[in-house]
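Student: output the structure for:
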Amino acid sequence: MAPEALKRPEWPRPAASAVIFRGDTVLIVERGKGALPGTWSLPGGHIEPGETARDAAAREVGEETGLVVTLAGLVDVHDAIFRDGDGTLRAHYVLAVFRGDSFDGEPVAATDVRDARFVPLSEIDGFRMTPGAQEVIRRAYEQSRPAKV
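Tutor: Numbering: from 1, shown residues only. Reported below is the predicted structural model:
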């Protein structure tokens, strides 16, 4: 095998995010940097070398909002792919999306987010969110509720 075949492209990059609930509200953040600034999304970011995806999700929530969270499970593995107008790949992240809860404190925007808040689930369609965010929030909410008998 030629050495060129062993080289990996710059993309995709591993990342993690979290759908965090407090009752019937969900934590969302307004992106301030990177892809799609001004868009609302779930808190998250890069997985650091040697860090588990679950630990990265909890760390990113803490860094971006100041909240301590308890993660309960994996919701989805989601591809976030961004292209320029001519189709050139700009970014590709493979996100492990977890669900969990936060019981104490109020979110405070920090690092690369402009705003952070809990919003009622019934209001998430009123926010301009990253592609697929509302769908994964709904799926996480259904997974977090007790099974009906």
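
Student: tell me where this protein has strands.
Tutor: For the chain, strands defined by DSSP state E occupy the ranges 13-22, 25-31, 40-41, 44-46, 70-83, 89-101, 113-120.

Student: now what about the fourth one, what contacts it?
Tutor: Pointing back at strand 44-46 there. 13-18, 56-57, 60-61, 63-64, 95, 97, 112 (C-beta atoms under 8 Å, 6 or more residues apart in numbering). Quick note: C-beta positions are derived from backbone N, CA and C, even for glycine.

Student: now the last one
Tutor: Applying C-beta under 8 Å, 6+ apart, the set of residues contacting strand 113-120 from outside is 22, 24-32, 37-38, 43, 64-65, 107-110, 127.

Student: swap in the fifth one?
Tutor: The contact list for strand 70-83, computed with C-beta under 8 Å, 6+ apart, reads 12, 15, 18-19, 35-36, 54, 57-58, 89-103, 130-132, 136, 139-140, 143-144.

Student: I'd like the distance from that strand to the chain centre, please.
Tutor: With C-alpha atoms, centre = their mean, to the nearest Å as the basis, strand 70-83 stands 6 Å off its chain's centre.
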